[in-house]
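Participant: Prediction below, plus the sequence it came from.
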2 protein chains.
Amino acid sequence: MAEHECVQLVPIFSELGSEQLDTIESIVRHHHYPAGSTLFGADDPLDSLMIVANGQVKVYQLAANGREQLLYLLQTGDIDGEAALFENQRRTSFGEALVPTDVCSIRRSDFQDLMQKYPSISINVLNVFGKRLSQLERQITSTATESVEARLANYITETAAALKTDTFKLPLKKKDLATFLGTTPESISRKLALFERQGLITQKPGKVIEINNADQLLLTE
Amino acid sequence: MAEHECVQLVPIFSELGSEQLDTIESIVRHHHYPAGSTLFGADDPLDSLMIVANGQVKVYQLAANGREQLLYLLQTGDIDGEAALFENQRRTSFGEALVPTDVCSIRRSDFQDLMQKYPSISINVLNVFGKRLSQLERQITSTATESVEARLANYITETAAALKTDTFKLPLKKKDLATFLGTTPESISRKLALFERQGLITQKPGKVIEINNADQLLLTE
DNA sequence: ATCAGAACTTGACGGCCGTCAAGAAATTCA
DNA sequence: TGAATTTCTTGACGGCCGTCAAGTTCTGAT
């Protein structure tokens, strides 16, 4: 493993030079989680910024009634932890490794020092947070005002657009997709079957979906 | 009006000295909106950070189906505009003055310069964004997994806790409260009537509510 | 390849809550 | 203060979708 492999691939450090990356590397802690294990659960530190060095992490939040809400699907290079940035912030979410995953963490106080020293970091984090805010705002509006059918149709078209292909594999199990969209696995199954009957999509084995009529799909209410 | 009245009361500039505030004041643009008018609508600039200098602003987002979602209720000193921070970011929300309102705006490029010059600003904005992220995450989880009844009960207890009183006036019309909670004015009326029948609250004229049993209210599912 | 367990699908049912409508209450403005 | 307009309340109804259950397909480990 190269010296600062972890911090090198993180966009928020992209403006920094090699010797600065060395500094950061020296205060970073490394962790490895096998697939299926829980990150920053109840027993993990609540005061660190997490960087996904390699792998995929699902971030959930627990509702008062015990249900889970999938908030983010973090990829390599993504960060998590608004909790890292201010005190008195209880962590209300937990992560789960989707595949074997490497994570780096930086303690809050260390990260605050870094931001003071290298302003480009905080501006980069600001960009990340800003985009995430926009995403969450759209998600709230969508969950609160649109039908399950419309939300699923939207998700399919957005995923296809992001992957730039009409045929793709759903990156999540139906149960996770359901908690992400605020519905149930059963409803997802039913709506996908409906879309197929309407000729909008074709379902293939292995959670693969082919979009036949993206325009019509977007009109779903 | 004092020289930098506007920038003075904004927490994100709190670490700056008087001469620095002067600098900022010189690049700020001032606006006034009468109650009921629309801020940063289709014809307004999309590339500025907005600071509420005086008044209250409701920030809405428009869903694909034409419905409105109330995202924030901004108070004096609050800021809005993740749109200010990066390019290619379409504004998807609009504001409406609840009362006669004064607003200052700073263009994106000017604000980016400021953050480069004074790192404390970006760290402060980061804190604002971080708290807002946490709030939105909780709101998503709540909207997606809990009943209207539970969401309303939560809203009432949280508002009471924030105001540190058991008797308070709802700061929003039922229609706005409804779009905020992802429901309808009718459902709000019905659920409040239900809470009153259960002895949990008492409704008084003028949208005033008295909480009689906060513990039981929190147990609402 | 085989088998056990997980994930998925489909049906039936019911309840929450959104919609429409009409009357009551509250607020605004002259 | 009084009238006009907006907001709110309550009832009736229906549909979306969540829940439970049982059968089927998929997946992954031995």
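Facilitator: Thanks, I have it.
Participant: Neighbours of the residue lying closest to A:A97 once chain neighbours are set aside, how many?
Facilitator: Residue nearest to A:A97 in three dimensions, not counting chain neighbours: A:Y33, with 4.3 Å by C-beta to C-beta, 6 or more residues apart in numbering or on different chains. All C-beta spots, glycine's among them, are computed from the backbone N, C-alpha and C. Other residues near A:Y33 come to 18 when the count uses other C-beta atoms under 10 Å in any protein chain shown.
Participant: A:E82 too?
Facilitator: Count around A:E82 with other C-beta under 10 Å applied: 23.
Participant: before we move on, what about A:T157?
Facilitator: The number of residues packed near A:T157 is 17, by other C-beta under 10 Å.
Participant: next one: stretch A:133-142 to chain centre, how far?
Facilitator: 14 Å (C-alpha atoms, centre = their mean, to the nearest Å).
Participant: what about it and chain B, touching?
Facilitator: Yes - residues of stretch A:133-142 contacting chain B under C-beta under 8 Å from any C-beta of the partner chain: A:133-134, A:136-142.
Participant: Return the member of the residues you listed nearest to DNA strand D.
Facilitator: Closest approach to DNA strand D among these (C-beta to the nearest atom of the strand): A:S142, at 11.5 Å.
Participant: Name the SS class of that closest one, please.
Facilitator: Here A:S142 is helix, with the state taken from DSSP: H, G, I helix; E, B strand; the rest coil.
Participant: residues in chain A within reach of DNA strand D, list them.
Facilitator: Within chain A, the positions near DNA strand D by C-beta under 7 Å from any atom of the strand are A:147-149, A:182-184, A:186-187, A:205-207.
Participant: Please repeat the previous calculation with a cut-off of 10 Å.
Facilitator: Within reach of DNA strand D by C-beta under 10 Å from any atom of the strand, chain A has these residues: A:35-36, A:65, A:67, A:143, A:146-152, A:169, A:173, A:178, A:181-191, A:194, A:203-208, A:221.
Participant: quick one: pLDDT of A:L85?
Facilitator: pLDDT for A:L85: 78.
Participant: follow-up on the earlier one: surely the residue nearest to A:A97 and A:S105 touch.
Facilitator: No - applying C-beta atoms under 8 Å, one finds A:Y33 not in contact with A:S105, separated by 11.7 Å.
Participant: and A:A178, what does it touch?
Facilitator: Taking C-beta atoms under 8 Å, 6 or more residues apart in numbering or on different chains, we find A:A178 in contact with A:184-185, A:187-188.
Participant: Tell me the spacing between it and A:E68.
Facilitator: Relative to A:E68, A:A178 is positioned 10 Å away (C-beta to C-beta, to the nearest Å).
Participant: Name the next helix or strand downstream of the worst-scoring helix or strand of chain A on mean pLDDT, please.
Facilitator: Every helix and strand in chain A was compared by mean pLDDT, DSSP states H and E; the lowest is helix A:5-8, with a mean of 78. Heading C-terminal from helix A:5-8, the first helix or strand you meet, by DSSP states H and E, is helix A:18-27.
Participant: show me where chain A has strands.
Facilitator: For chain A, strands defined by DSSP state E occupy the ranges A:29-33, A:38-39, A:48-54, A:57-62, A:68-74, A:79-80, A:93-97, A:101-107, A:167-169, A:201-204, A:208-211.
Participant: TSV for these, including mean pLDDT?
Facilitator: Listed next are the strands of chain A as TSV, based on pLDDT from 0 to 100:
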stretch	mean pLDDT
strand A:29-33	89
strand A:38-39	86
strand A:48-54	89
strand A:57-62	93
strand A:68-74	94
strand A:79-80	91
strand A:93-97	89
strand A:101-107	90
strand A:167-169	95
strand A:201-204	96
strand A:208-211	96
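Participant: Those strands into a markdown table, with extra columns for distance to B:L46?
Facilitator: Below are these laid out as a markdown table (distance: least, C-beta to C-beta, whole Å):
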| stretch | distance to B:L46 |
| --- | --- |
| strand A:29-33 | 41 |
| strand A:38-39 | 37 |
| strand A:48-54 | 31 |
| strand A:57-62 | 30 |
| strand A:68-74 | 26 |
| strand A:79-80 | 27 |
| strand A:93-97 | 31 |
| strand A:101-107 | 34 |
| strand A:167-169 | 32 |
| strand A:201-204 | 35 |
| strand A:208-211 | 31 |
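Participant: Mind checking these for the one nearest to DNA strand C?
Facilitator: Proximity to DNA strand C (C-beta to the nearest atom of the strand) singles out strand A:201-204 among the strands of chain A, at 6.3 Å.
Participant: check whether that closest one contacts DNA strand C.
Facilitator: Yes - residues of strand A:201-204 are located near DNA strand C by C-beta under 10 Å from any atom of the strand, namely A:Q203.
Participant: Tell me the strands beside that strand, with direction?
Facilitator: Taking DSSP bridges as the criterion, strand A:201-204 forms sheet pairs with strand A:208-211 (antiparallel).
Participant: where in chain A is pLDDT low?
Facilitator: Within chain A, the ranges that satisfy pLDDT under 70 run A:1-4, A:41-45, A:87-91.
Participant: Can you give the domain ranges for it?
Facilitator: Domain ranges of chain A: A:5-143, A:146-218, per automatic domain parsing.
Participant: most tightly surrounded among these?
Facilitator: The highest mean neighbour count among the domains of chain A, using mean count of other C-beta atoms under 10 Å in any protein chain shown, belongs to domain A:5-143: a mean of 18.
Participant: Right, I'll call it a day here.
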